[in-house]
Structures are given as C-alpha cells and as structure tokens.
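Asks: Sequence and predicted model, in that order:
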Amino acid sequence: MNKKYVIGLDYGSDSARAIVVNAATGETLATAVKHYPRWQEGLYCNPAINQYRQHPQDYIDVLESTVTEALSQCPAGTAQQVVGIAFDTTGSTPAFTDASGTPLALLPEFAENPNAMFVLWKDHTAVKEAAEINQACATSPTDYSAYVGGIYSSEWFWAKALHVLRQDEAVRQKAYSIVEYCEWLPALITGVQASKDIIRSRCACGHKAMWHKQWGGLPSEEFLAGIDPLLAGFRDRLFTETQTADKPVGHLSEEWAKRLGLTTNVVVAGGAFDCHMGAVGAGVTPHTFVRVIGTSTCDIMVASPEEIGDKLIKGICGQVDGSVIPGMIGLEAGQSAFGDVYAWFKRVLEFPLRNIIGASKLIDESTKEALINEAIDQIIPALTAEAEKIPVSESTIIATDWMNGRRTPDANQLLKGTITGLTLSSTAPLIFRALVEATAFGSKAIVDRFRNEGVRIDNVIGIGGIALKSPFVMQTLSDVLNMPIKVCRTDQACALGAAMFAATAAGVYTQVEDAQQAMTSGFANEYQPDAARALAYAEIYENYLKLGQFTEKELFC
C-alpha cells in the first residue's frame, strides 16, 4: 500500500520551517528551515517606535526553498505521495490587499513601503487606535470585545489596520481589503485571484478581528465607521463566514505544484496561528495548559462548549469556537516577551564586547570578530550556570516581565518592565535569575486568571526552543506554578500540528483528534516542582504582584 505524506509549514517571527511527515505515524522524514532574507537585514522595521513589518516576498522566497529542500532529503518518490499541506503563521499579522487579494507590497509602486507590508504580531504602533476601539466597545450597545477578554490589543487586526490607514494616504487610496498572514499563504498556493474568494481563518478572525456568530460575523459597519470613517466599507469587502483549519481550501495550483515539486492533487488545509496548531501538535486536550515558549509565549487551552457555557473570560486573548480543535472552544493567552527578556539582557552585556574589544586596534579584524562572537554565544549559558547556583532565599531582586508590554492578563502595551531590589552587590547572574523568575511569575498570573475565571487546569505542556533547551527556565517555571510540566519531544510542534491539519483536510483522518492520536511525538522529559522552592516562590510572587501594581498605577497611570 502506498504511504501518504503531508507537509507542515510553520512561519515564525524570524524564519519558516517545512517538515515532511508520514501521515500514518507522525514520523518526520525531513526538516528545512530558512530565515526571511529582508527581515534578517532589519529592513522596514524601527524598534524605537515598535514598528515591525515583513515583506510578503520573504514569505514566498522561503516557501519555495524550505519545501524543495525538505523534499530533496526524502526518499525518491516521496513528493508524488504527498497528499496535504498546511500553514501556521504568527498573528495577528495583517496586510492590506487590492481587489485581487494581492498584498500591496507585491505591487511595484509599494514594494518598499512598510505600510503596504504585513504588520507583524509584535508591532505596537497602534496603541492609540486600540485605546479608541476599547472606548468604542465600552459605549456600544454591543460589546464586540466580549469574546476577546474585554480588552482589544494594539497587536490585533483592526487597531493595526486603522493605524496604517491614518499614516499612509497612498495605501489608503489603494487598499481594497485586508488579509491575515495565515489566510493569504493558502490562498496564494491555491491560485485565488480575488479577495472575496480567500477562505478566512476561524482562528485569526475570532481571536483578533472580533468575529463572532452572535453578531453576524465582524463588528457592524456602524461600529467600525464610528471609530473612524477610514474604516468605512471594509466590512462589506471582507467576509461573513470563517472556516476551521481542518477543512480544505483547495488544491495546489499548477504554478505552485511545479514550483514546489508536488502534484496538483495535494489538498491545502485552512490556515491558523502558529501557537494554536502548536498546541494540537503537542497533544492538547481539555484541562491542559499548553505553553508555546519562544521570544514571547502563547498559552492555549481547549474546553467543551458545555464547560464554558456562558462564561466570558476576562483579560485573555479570546475564546473562539473551533480555533484550536473544531467543536471545542479555543482559549488563548500569553506574554508579549519571554525569551526576548533574556535577549534584551544579553544585548546589554554585549556592549563592552562590541564597543571596546570591537574598537580595539590591537587585534586583527577576523580574530576580533571570532572572539566577540564566541564570547556573545557564551553569555546566556554562563549566566544560567551561575544563576542556577543562587538559592531562592538569596534571589532578592524582583522584576516584572513587561519589557514589551503586557499581553495577558489584561492587555496593556504601554507598560514597561521594572527591576527593583538592586544593591551595590547585585551581579549579572542575580539580575538574570530575577528576569527568569519574572517570566515565570508572568506565567503564573495567567494561570491564576484562568482558574479565577472558572477554567480548570490539570496539566501543563511546554513546547518551543526554550522548553527543550533550558532546564533552568523550565524548572523555575515548574516551581513557580507548583505544577509538573511535560516537554514535547519534537522541536517542531507547530509544524507537526500543521501536518496534522493537513492530514485531516486531505481525508487521512476524519477529525483532528484522530490525527493527534496517530501522529503525536510524545514527551522528552517532565519537570517536577520542588516543594520548598514552590513555597518560597509563593511569597515572592506576592511581591511581584505588588511591584506590578505600583508600576501600572503609579508609573504609568
């Protein structure tokens, strides 16, 4: 019997990866990873104003190169046996399109215009617009933010769209519609020629665009135009219906079948956000809290409609029917920075290396560069080794994890990080330990919010690079949460989740849960909380909360 293979494509913040998977067993035959070339050069971004844009051509370039490279590693004939393909992407990462559904940056006149590109999830230029949307929700007869935690974020669809419309007249004149990243890629490879024919993602639209069946889809025209007349007309040119990612959106077009080395028989599944498919890849079930841990975190749960009932969970990133597993309510939360907090501290410590050793005339350039890079690569491992030796009782520095604002609980992207308790004896490892603890405390705040809102959590699963590579971070997290944490065996859980959706859409499985059972990777290890440290951290956590309250009310009131 011929084997069937599927391809899962995971588009992250910095790079994309493609995996070729045996649809019957979940065995990964090959993996290929490519960084976005323009993004790597820092083009179209301005960190000083929290502007992060990505060119759609980057997405196209890595699509072709990752898939063809992965297939080249497989046995002969594998490509002809591929039956499905699926994407997960970051989000909310929207872009304006013309009537054909083409992102404006792919048109020659907009090729170098950041406002015509995809606005990456962590772009926070729309804080003002988010505040206006929240005010409109508070005064509207219908609270359109009710199913997204009651607070609309600057990281999301409508705030970003309005900000770009206000900033750029050329984009404003040309823009016909708006598309999410995870919707555009499936449309691209199935040959969609009109914006109206793009299949819209239940995951993206429910969590970030305030789509809900209760009010007939998107917020009303009156509501949107009332925020700003610049939004007038977009609702009618967008969509009413959305689709879960287990359903096919079409087959590979002839062009893309040729470019990828596949056949036009390949079924293309609907798109969804990376962390939602990652949770499926990790084996999410009811009462399981899945943490996708990377530069930021995304926390995903599923619950039956009966269990959620009429609960409106405050301060999270949404509760959406079918956004994770069809037929279940998907719940999303997360932190705007996790690994990025550690990366910030690393950059601080790089200063003397780059600016003192780097400026030295006593060392030749090639030697100098090698020495600097070797030292920089050792910063986090060295900090970790020393921080692990510090007893909790001596960890007297307290920090908040809001270096990139706060995603949940209760989105507020204006917040800044704080560090307190410094003395003349404070060392870099002490500060690093405090930052690791801060990210764990931010995680606990999310768990506490879910529980306080009546959502049961029995198990925790960690996925992502940090989960697999940093025992210190994961043990600290286990101690702070006072819960065991299982770590998913695969380092490509999001891509594996996409492969599960591809297999379901292609008809290998009748439902996503069946694909999970057959294709799971299992767990690499499990962290158990230390009772003494858990008790100590429970006390320190109260001080974290006090610092957070002071930061929010006194410094940023």
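Replies: Done, it's in.

Asks: Tell me which residues touch the most centrally placed residue in the chain, please.
Replies: In the chain, the residue lying closest to the centroid (CA atoms, centre = their mean) is residue 90, at 4.6 Å. Contacts for residue 90 (CB atoms under 8 Å, 6 or more residues apart in numbering) come out as 11-13, 120-121, 181, 273-274. All C-beta spots, glycine's among them, are computed from the backbone N, C-alpha and C.

Asks: top of these by neighbour count?
Replies: Within those, neighbour counts (other CB atoms under 10 Å) peak at residue 273, which reaches 33 neighbours.

Asks: which among the contacts of residue 90 gets closest to residue 453?
Replies: residue 273 (21.6 Å; CB to CB).

Asks: tell me the contacts of the closest residue in space to the closest one that isn't next to it in sequence?
Replies: Using CB to CB, 6 or more residues apart in numbering and skipping residues adjacent in sequence, the residue nearest residue 273 is residue 91, 4.3 Å away. Contacts of residue 91 were listed using CB under 8 Å, 6+ apart, and they are 121, 180-182, 203-204, 207-208, 273-274.

Asks: Out of those, list just those in strands.
Replies: The strands, defined by DSSP state E, take in 180, 273 from the contacts of residue 91.

Asks: any chance of the contacts of residue 91 in CSV, plus distance to residue 480 and pLDDT?
Replies: Shown next, in CSV, are those (distance: CB to CB, whole Å; pLDDT from 0 to 100):
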residue, distance to residue 480, pLDDT
121, 25, 94
180, 34, 98
181, 33, 97
182, 32, 98
203, 29, 98
204, 31, 98
207, 26, 97
208, 29, 98
273, 26, 98
274, 25, 95
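
Asks: Sort out which residues of the element among helices and strands of the chain having the smallest mean pLDDT are buried, please.
Replies: Between all helices and strands in the chain, the lowest mean by mean pLDDT, DSSP states H and E belongs to helix 365-377, at a mean of 86. The neighbour-count check on helix 365-377 (16 or more other CB atoms under 10 Å) flags 368, 372, 375 as buried.

Asks: outside of that helix, which residues touch it?
Replies: Contacts with helix 365-377, where a contact means CB under 8 Å, 6+ apart, come from 346, 350, 353-354, 357-358, 360, 363.

Asks: now do 6 Å
Replies: 350, 353, 357 (CB atoms under 6 Å, 6 or more residues apart in numbering).

Asks: Same list (those residues) but as a markdown table, adding pLDDT and neighbour count.
Replies: A markdown table is the format used below for these (pLDDT from 0 to 100; neighbours: other CB atoms under 10 Å):
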| residue | pLDDT | neighbour count |
| --- | --- | --- |
| 350 | 93 | 15 |
| 353 | 88 | 17 |
| 357 | 77 | 15 |
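
Asks: quick one: which of those sit in strands?
Replies: Short answer: these have none in strands (DSSP E).

Asks: and of these, the nearest to residue 474?
Replies: For those, the nearest to residue 474 is residue 350 (25.1 Å; CB to CB).

Asks: you'd agree residue 274 is up against residue 495?
Replies: No - look at residue 274 against residue 495 with CB atoms under 6 Å: they stay out of range, at 8.9 Å.

Asks: Overlap in contacts, those two.
Replies: Both residue 274 and residue 495 are contacted by residue 10, under the criterion CB under 6 Å, 6+ apart.

Asks: how much space between the closest residue to the residue nearest to the centre of the chain other than its chain neighbours and residue 469?
Replies: Spatial nearest neighbour of residue 90, chain neighbours left out: residue 121 (4.6 Å); criterion: CB to CB, 6+ apart. Going from residue 121 to residue 469 by CB to CB, to the nearest Å gives 22 Å.

Asks: so what's the residue nearest to residue 90 up against?
Replies: So residue 121 contacts 90-93, 155 (CB under 6 Å, 6+ apart).

Asks: Roughly how far does it sit from residue 154?
Replies: Distance, residue 121 to residue 154, using CB to CB: 11 Å.

Asks: Next: residue 533.
Replies: 36 Å.

Asks: Need phi/psi at residue 96.
Replies: phi -80, psi 150 (degrees, to the nearest 10).

Asks: er, residue 142 I mean
Replies: Main-chain torsions, residue 142, degrees, to the nearest 10: phi -110, psi 120.

Asks: For it, give me its contacts.
Replies: residue 215.

Asks: ditto for residue 551
Replies: Taking CB under 6 Å, 6+ apart, we find residue 551 in contact with 400, 418.
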